[in-house]
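Trainee: just to be clear, the model below is a prediction. Sequence and coordinates:
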Amino acid sequence: MKTLDIAFKDMLRSSRSLAVWIFGLAVPLLMSGIFYFAFGGMGDGGFDLAVTKVVVVNLDSPVGGFSAGQILANSLKLDSLKSILDVTEAADAASARDAVDRQEAGVAVIIPAGLTAARENPGERAAVELYQDPTLTLGPGIVKGIVSSIVDGFAGSKVAREVVYAQLTQHGLTTDAATATAQAIADQVSKWAEALGQKLQGGVNTLIQVRRPAEAESADLVSNVIGMIMAGMLVFYVFFTGAASAQNLLQEEEDGTLARLFTTPTPTSAVLSGRMIATFGTLILQVVVLLVASALLFGVNWGQPVPIVLVAASMIVLSAAFGLFITSLLKNTRQGGIVYGGVLTMMGMVGMIGIFTAQAPGATRGAFEAVSLLVPQGWAVRGWQMIQAGGGVGDVLVTLLVMLGLAAIFFTAGLLRFRKRFA
Amino acid sequence: MNDQAIQVQDLHKRFGEIQAVQGISFEVQAGQIFSLLGPNGAGKSTTISILSCLLHPTSGDALVMGHSVLREPMAVKAAIGVVPQEIALYEDLSARENLDFWGKMYGMRGAALKQRVDQVLDTVGLADRQKGRVAKFSGGMKRRLNIGIALLHRPQVIIMDEPTVGIDPQTRRNILDSVKELNRQGMTVLYTTHYMEEAQELSDQIAIMDQGKIIAHGTHEELVKIVGEMDRVDLMLNTPAERVIGEWQTTEGVQKVTAQAPDGEEATESSGAVTLLVDDSNLVLPRLFESATRVGVRVTSVEIQEPNLEAVFLHLTGRALRDA
């Protein structure tokens, strides 16, 4: 019971330590966030575009039930465009231009009166007018692209009809027959152009197939990189927390509270056990928060649940044991500053070498990975890398066993040293 | 029935080459205030640490309420409350949280613990600040809480290791009054100090320690008798004492002559302060002035004290307690 009382007291004190919150949780997330944004991570990889207000004036008149102007106007009002275009109609060109001038709209699309007629009659010409706010680029550019795709379709159908009509009359077909055939072909071209425009606006292009390299198709590169970095940050700071938590023993020794504890009928083993439980509690909280936060904030895929739990538990045990051992070598907290600032930082960096050389050629990468395994942090990083790559319990079993073996060695050595010290 | 709260038997403690405690023995009767008086480095804190089971003696043993510090340390710890010299509190916890925690370390739980914490908070005058973080307390408040923790489990013996070092006179007065009150409530108090006045005011029994040994032991009156009717005379000279000290050592009625240093300075014969133990100051003082005049030394101030513990220490060691 006293062990739990000591553990509760230590955790309560830790929870009131600003350093624990800053270095245990905030800094690792902040560091990963910096890398996340540096690598261009933005959730779905896109960005929000401001909605462009569009004023459409359709002055066109249908010819034989067909209205090119209406098709063009409807193309701007598709549902797929509503997130970027806010289309309203105006009665005449002047009021549309006036809306742009007053910055009530970003662009005005003025469909001329003879657009359909121009498509029908070889000698006639008509031009769609775009009147835009000169300070805007993206919105008017999108409108221009849509309008161009539709107008090009109409122009194409007109060219097709004229070519077909000329060819047929040259080959002796009667004028009426040639006109009917050419008109039918022109209508088909117009419909095709209209359909193509709608598909393009919906993000579907049946003419172009965009493919990524085969390796990149299997995983999101940004997510992978951030996942590895977050694993490194997690290991780096968890080992700091383990050591700092154990250092509280030295702090209590210097504050006199440890000696006072030993004047109470409390066994040394209960004091040390309580300290270790508090360390485990702090580390568990830190790891859970960092795992969940990184998954939610940065979309890190840590792997399958069971391997995650096993690697996390092994890392916690190892970092707590290593913290106890390294702190047992210190005489006082002043030495702790050097050890934690220098030695642990250096070991943490060595442990993360495998992350920073993940894209290196095979032999080089292998050498760096071997170096990283010289420090306990390297084994923890290796565990996370393996399960992030989809590894299961069987894949990380050796790594887990090594971590637990190292933990046993460090824990025994640290405990013996502290028991001797407090005897 | 054994009415001895503490029995120390030929206790030795060695740290490498340093013999911190050299075969001390004493007994403290239940209900007494017993003071260990001595200068810094005399071995008082080492003795206290052994009695608190923080240190193992190199040899010898001590019994607290009949329990050996060697064989039954847990029973000893349960019987004692220790007030360390330095404040030993968790500053990031509140006063109540500190008392709760330490109470649990003494095996107290639940309603009994809560009730006792309330009582102790009242006793040390911190009931209205019980939820405040200790870090924001004044030095005096911390001292009171430091003592309160030792009282939580109603110990039979309370051990106080120089609890008044480095504190203001008002807090010191409060602590001395608290010690007397605890003793009135039946607690045995083992008190260490290097302030003669505290030992004199508080103690039923005093053991004077120097260089790891008890050089005198008894009541205040018994100890003072060691120097008999001798007066202590403190003189300040206008020149270094070495010019006259030889003369005074052979002056009739002078028992001991010691060069003294002003407070905070090392005593040497080059300084102008001298302390003497004399049989009768009325008779001896004119002789001292005469000798001084003969060698061209002028006495600039004279202070005469009745026999006290300071004189005893001076008599036994040749050094003043404050300079030892």
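Mentor: Received it, and whenever you're ready, just let me know what you need. As the structure is a computational prediction, the values presented were derived from the model and not from experiment.

Trainee: going by C-alpha atoms from here, please, whenever you check contacts or count neighbours.
Mentor: Noted.

Trainee: you'd agree residue B:124 is up against residue B:145?
Mentor: Yes - assessed by CA atoms under 8 Å, residue B:124 is found in contact with residue B:145 at 6.5 Å.

Trainee: how deep is residue A:285 tucked in, by neighbour count?
Mentor: Using other CA atoms under 10 Å in any protein chain shown as the criterion, residue A:285 is surrounded by 13 other residues.

Trainee: I misspoke; the intended subject was residue A:135.
Mentor: Neighbour count of residue A:135, defined by other CA under 10 Å: 8.

Trainee: just the one 10 residues further on next, same as before
Mentor: Residue A:145 is flanked by 14 other residues according to other CA under 10 Å.

Trainee: rewinding a little: between residue B:124 and residue B:145, which one's more packed in?
Mentor: A direct count of neighbours by other CA under 10 Å for residue B:124 and residue B:145 places residue B:145 higher, at 28 against 20.

Trainee: got the contact list for the more buried one?
Mentor: Taking CA atoms under 8 Å, 6 or more residues apart in numbering or on different chains as the definition of contact, the neighbours of residue B:145 are B:95, B:124, B:126.

Trainee: how close does residue A:242 get to residue A:320?
Mentor: 5 Å (CA to CA, to the nearest Å).

Trainee: sorry, back to before: what's the lowest-pLDDT member of the contacts of residue B:145?
Mentor: Least confident entry in those, by pLDDT: residue B:124, with 86.

Trainee: measure that residue to residue A:53 for me?
Mentor: Taken as CA to CA, the span from residue B:124 to residue A:53 is 75 Å.

Trainee: ok, residue B:139 next?
Mentor: In this structure, residue B:139 lies at 70 Å from residue A:53, with CA to CA as the measure.

Trainee: and for residue B:143?
Mentor: If you measure residue B:143 against residue A:53 using CA to CA, the figure is 74 Å.

Trainee: which one of those two has more residues nearby?
Mentor: residue B:143 (26 against 21).

Trainee: does the more buried one touch residue B:87 like I think?
Mentor: Yes - if you go by CA under 8 Å, residue B:143 and residue B:87 touch, sitting 6.5 Å apart.

Trainee: buried residues, the helix or strand hosting residue A:230. List them.
Mentor: Assigned by DSSP states H and E, residue A:230 belongs to helix A:221-255. Buried residues in helix A:221-255, counting neighbours by 16 or more other CA atoms under 10 Å in any protein chain shown, are found at A:222-250, A:252-253, A:255.

Trainee: for it, packing partners?
Mentor: For helix A:221-255, the contact count by 3 or more CA pairs under 8 Å, 6 or more residues apart in numbering or on different chains; DSSP states H and E identifies helix A:27-38, helix A:257-262, helix A:268-298, helix A:305-328, helix A:333-338, helix A:345-351, helix A:353-356, helix A:376-388 as packing neighbours.

Trainee: tell me the mean pLDDT over it?
Mentor: If you average the per-residue pLDDT over helix A:221-255, you get 84.

Trainee: before we move on, what about stretch A:173-182?
Mentor: Stretch A:173-182 comes out with an average pLDDT of 71.

Trainee: same thing with stretch B:44-56?
Mentor: Within the predicted structure, the mean pLDDT of stretch B:44-56 is 92.
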